[in-house]
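Trainee: With the sequence up front, the predicted model follows.
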Amino acid sequence: VDFSYEVSRSLAACQGAILLVDASQGIQAQTVANFYLAFEQDLTLLPVLNKVDLPSADPDAVTAQMVATFDVRPDDVLQVSAKTGLGCEALLPAVIRHILPPSDTSQDPLRLMLFDASHDEYRGVICLVAVVDGCLRAGDKLQAVSTGQQYDALEVGVLSPEPHPTGQLLTGQVGYVIPGIKDVKAARVGDTWHLARQPVPPLPGFKPVKPMVFAGLYPASADDYESLADALERLNLNDASVTIRKETSEALGAGCRCGFLGPLHLEVFLQRLQQEHKAEVISTAPTVPYELELARDSQQQPSGELERIVIESAADYPKGRKVSVIYEPTVLATIIVPQQYCGIVMKLAVLRRGTQLEYSFLGGSSNSSASPGASKHTVDTDEFPNSTLDSASPLSLAVSAADTGCGSTNSNLLSSDRVLLRYQLPLSELAGDFYSKLKSVTQGYASFDYEEGDMRPADLTLLELLVNGKAVDALCRLVPSGDAARLGRSLASRMRDLLDRQQYEVAIQAAAGGRIVARETLKALRKDVLAKCYGGDVTRKRKLLQKQKEGKKRMRQLGGMSVPADIFPELLKP
């Protein structure tokens, strides 16, 4: 779901596409998202129904879904089984019959579209290109439109599936070119290339890669920083969309602030870092870029423009300035779910500050009486209170009344109506546990996809965790103002349980909006100084206790409390 731009560029290199749907699962959210990407490219689509041989398959119901959702004719839907070979003999002739070949523009000036690139240890960057106009030959001098850099086409060929040098690529062909580039960042996906000193109009759709989710990556041991930096550099050779810059945290030491395309991209990158390079990494909580509109100073002119800054980490929040508005990035989320789970999914989205944009029935059974045009409507989200998912709420009672088919088989779920929900959700919620919660409450039957949305104002506040009055920068975060006290209590309580007791009392506080919203106290380890007193006057005991108290106070003032790095992974869990 984080790579829709790369998918759109790959589709732009095609004249058509196969719209493949699983006959046992039905239409998924990502199928709808990719359909619209192909529709925007004006591609010819061939609808195909796969896995029709499975016992749980319901081809008639899924065909009805495709007719209602994609406006295709039932007779055009091919039913195949890649496992048994059923219907496969008719697939390739249908592709040739329905998808038109590219137009002949071989006499026009050369124009290439770069839609993918990878790094080879011995040959440098290998670029996958589609020849839109003209002819590409080995030895041509190429130039990129976006950067103006010039490269030599050292080798040109096709993939079948291994690289096979051909010496040239003709109009409409897709192949590879080795331009002698050392850094994969220079090969920008979606860019237009042409012959040097022969400029051509750029192909539409190109946009620079923009990170949407940021996280700090730190080594588990300070001695492993160099090996972590080396591993990040090697991974970045094959994943140029990751931005990396060095940063230092007071709590975690030296590390890197990395930008990713989305939460899934972050998760995949961390897995590769751990599996391929055996790196032990501490990752801070994912954050998104916020736009802060700063209030005018008393010295500024009333008519002057308001200053806006962008922060990638909550630790960069300007504490010395008054912030008038905080803008957060949003996504347009598409959720497809069986109707019996619709209520609980709607409540989950509202709890995560979502705004409903669409509610429509996809249909499911071949004899569904609801017509596609009459099945779409919107619901006012104000009727769902912002409360927890408990059984006593009005919405939960409505869900339980409708949720009579939770034990249904997959076949029954396909024969019932499926609902398509569109929500505008904060990107920060997706960086947490939203997807896992969605799968949990729908027993795995929900499918989810999203695309980039607009920035919108949000009621957020800075939540800080203070240990003996000193803020822990790695645990700062921007949270909804209404949830600040609850999240602060949870974070302070977890830290109290994880920290070891010290020789002096440790105060753990959560601060939000300039005030303390939660406090936990870690009691000091105390020696029994009265053990040697077997009697005598009480003033002797008071003197010993007072002396111990003054020593603890002096120890707290002189000794700095540092939070050990090994408890951060547990604290940063959502």
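Mentor: Alright, I've got the coordinates.

Trainee: CA only for contacts and neighbour counts going forward, please
Mentor: OK.

Trainee: quick one, longest strand in the chain?
Mentor: Identified as the longest strand of the chain according to DSSP state E is strand 323-338.

Trainee: okay, and for this structure, where does confidence drop off?
Mentor: 1-2, 297-305, 363-416, 526-531, 534-536, 548, 551-563, 565-566, 573-574 (pLDDT under 70).

Trainee: Helices of that one, residue ranges please.
Mentor: Applying DSSP state H to the chain gives helices spanning 4-12, 29-40, 59-70, 91-98, 225-238, 263-277, 342-351, 394-402, 410-415, 427-430, 434-441, 484-498, 538-558, 568-571.

Trainee: Now mean neighbour count and distance to residue 189 too, for those, in a markdown table please.
Mentor: Formatted as a markdown table, the helices of the chain follow (neighbours: other Cα atoms under 10 Å; distance: least, Cα to Cα, whole Å):
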| stretch | mean neighbour count | distance to residue 189 |
| --- | --- | --- |
| helix 4-12 | 19 | 7 |
| helix 29-40 | 18 | 16 |
| helix 59-70 | 22 | 29 |
| helix 91-98 | 12 | 27 |
| helix 225-238 | 17 | 13 |
| helix 263-277 | 16 | 17 |
| helix 342-351 | 20 | 33 |
| helix 394-402 | 15 | 45 |
| helix 410-415 | 19 | 38 |
| helix 427-430 | 22 | 24 |
| helix 434-441 | 15 | 28 |
| helix 484-498 | 18 | 40 |
| helix 538-558 | 13 | 55 |
| helix 568-571 | 16 | 35 |
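
Trainee: Residue 519 and residue 483, how far apart?
Mentor: 16 Å (Cα to Cα, to the nearest Å).

Trainee: Which one of the two is surrounded by more residues?
Mentor: Comparing residue 519 with residue 483 by other Cα atoms under 10 Å, the one with more neighbours is residue 519, at 18 against 12.

Trainee: how close does that one get to residue 285?
Mentor: For residue 519, the distance to residue 285 - Cα to Cα - is 22 Å.

Trainee: go on, residue 154?
Mentor: 44 Å.

Trainee: between these two, who's got more neighbours?
Mentor: residue 285 (22 against 15).

Trainee: That one - nearest residue in space that isn't next to it in sequence?
Mentor: Distances taken as Cα to Cα, 6 or more residues apart in numbering place residue 572 nearest to residue 285, at 5.7 Å, with adjacent residues excluded.

Trainee: The one you found - how many residues pack around it?
Mentor: Neighbours of residue 572 (other Cα under 10 Å): 15.

Trainee: Run through the residues that contact it.
Mentor: 284-285, 475 (Cα atoms under 8 Å, 6 or more residues apart in numbering).

Trainee: so can I have CSV of those showing distance to residue 182?
Mentor: What follows is the contacts of residue 572, written out as CSV (distance: Cα to Cα, whole Å):
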residue, distance to residue 182
284, 31
285, 33
475, 38
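
Trainee: quick one: which of those is nearest to residue 29?
Mentor: Closest to residue 29 out of these is residue 285 (26.8 Å), distances taken as Cα to Cα.

Trainee: end to end, how far does stretch 441-449 reach?
Mentor: 17 Å.

Trainee: That stretch: how far from the chain's middle?
Mentor: Remark: stretch 441-449 is offset 17 Å from the chain centroid, using Cα atoms, centre = their mean, to the nearest Å.

Trainee: What residues sit buried inside that stretch?
Mentor: 442, 445-449 (16 or more other Cα atoms under 10 Å).

Trainee: In strands, which of these fall?
Mentor: 447-449.

Trainee: Output these in CSV; the columns should cover distance to residue 54.
Mentor: Shown next, in CSV, are those (distance: Cα to Cα, whole Å):
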residue, distance to residue 54
447, 20
448, 24
449, 26
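
Trainee: nearest to residue 249, of the residues you listed?
Mentor: residue 449 (34.1 Å).

Trainee: Quickly list what that closest one is bridged to.
Mentor: Beta-bridge partners for residue 449, by DSSP bridges, are residue 334.

Trainee: next one: residue 507
Mentor: Going by DSSP bridges, residue 507 forms beta bridges with residue 521.

Trainee: From residue 155, how far out is it?
Mentor: Relative to residue 155, and taking Cα to Cα, residue 507 is found at 65 Å.

Trainee: These two: which is more packed in?
Mentor: residue 155 (20 against 17).

Trainee: Now do the contacts for that one.
Mentor: 138-139, 165, 167, 177-179.

Trainee: Let's see if you can find the most crowded of these.
Mentor: residue 177 leads these on contacts (other Cα under 10 Å) with 27 neighbours.

Trainee: Quick check: closest non-adjacent residue to it.
Mentor: Nearest one to residue 177, counting by Cα to Cα, 6+ apart, is residue 156 at 4.6 Å.

Trainee: Next, count neighbours for that neighbour.
Mentor: So residue 156, with other Cα under 10 Å, has 24 neighbours.

Trainee: correct me, but residue 296 touches residue 306?
Mentor: Yes - at 6.5 Å, residue 296 counts as touching residue 306 under the criterion of Cα atoms under 8 Å.

Trainee: So for the two, which residue has more residues nearby?
Mentor: Between residue 296 and residue 306, counting by other Cα under 10 Å, residue 296 is the more crowded of the two (18 against 13).

Trainee: how far away is the more buried one from residue 459?
Mentor: 19 Å.

Trainee: and what of residue 567?
Mentor: For residue 567, the distance to residue 459 - Cα to Cα - is 30 Å.

Trainee: now residue 436
Mentor: Residue 436 is 25 Å from residue 459, by Cα to Cα.

Trainee: Ok, residue 261 next?
Mentor: If you go by Cα to Cα, the gap between residue 261 and residue 459 works out to 25 Å.

Trainee: what comes up buried for the longest strand of the chain?
Mentor: Buried, per 16+ other Cα under 10 Å, within strand 323-338: 323, 325-338.

Trainee: Mind giving me the packing neighbours of that strand?
Mentor: Applying 3 or more Cα pairs under 8 Å, 6 or more residues apart in numbering; DSSP states H and E, we find strand 323-338 packed against helix 29-40, strand 290-294, strand 418-426, helix 427-430, strand 447-458.

Trainee: got those as a markdown table, with distance to residue 91 columns?
Mentor: Putting the helices and strands packed on strand 323-338 into a markdown table (distance: least, Cα to Cα, whole Å) gives the following:
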| stretch | distance to residue 91 |
| --- | --- |
| helix 29-40 | 19 |
| strand 290-294 | 48 |
| strand 418-426 | 28 |
| helix 427-430 | 38 |
| strand 447-458 | 27 |
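
Trainee: do you know which of the ones you listed lies nearest residue 317?
Mentor: Per Cα to Cα, nearest to residue 317 of those: strand 290-294, 8.8 Å.

Trainee: Would you mind getting the angle between that closest one and strand 323-338?
Mentor: For strand 290-294 against strand 323-338, the angle by axes from the mean of the first three to the mean of the last three Cα atoms, to 10 degrees is 150 degrees.

Trainee: chain center to strand 290-294, what's the gap?
Mentor: 22 Å.

Trainee: Show which residues not belonging to it make contact with it.
Mentor: 306-312, 321-329.

Trainee: One more: stretch 419-439?
Mentor: With Cα under 8 Å, 6+ apart, stretch 419-439 has contacts from 213, 262-263, 286-288, 328-339, 342, 345, 348-349, 352-363, 444-446, 448, 453, 574.

Trainee: From residue 418, how far off is residue 139?
Mentor: 55 Å.

Trainee: who touches stretch 278-289?
Mentor: 212-220, 227-228, 231, 263, 273-274, 310-314, 328-329, 427-428, 431-432, 474-475, 477, 568-569, 572-573.

Trainee: List the buried residues for that stretch?
Mentor: 279-289.

Trainee: State the distance from residue 131 to residue 49.
Mentor: In terms of Cα to Cα, residue 131 sits 31 Å off from residue 49.

Trainee: Then residue 221?
Mentor: 52 Å.

Trainee: Neighbour count for those two, which is higher?
Mentor: Legend: neighbour count by other Cα under 10 Å for residue 221 and residue 49, higher for residue 49 (23 against 14).
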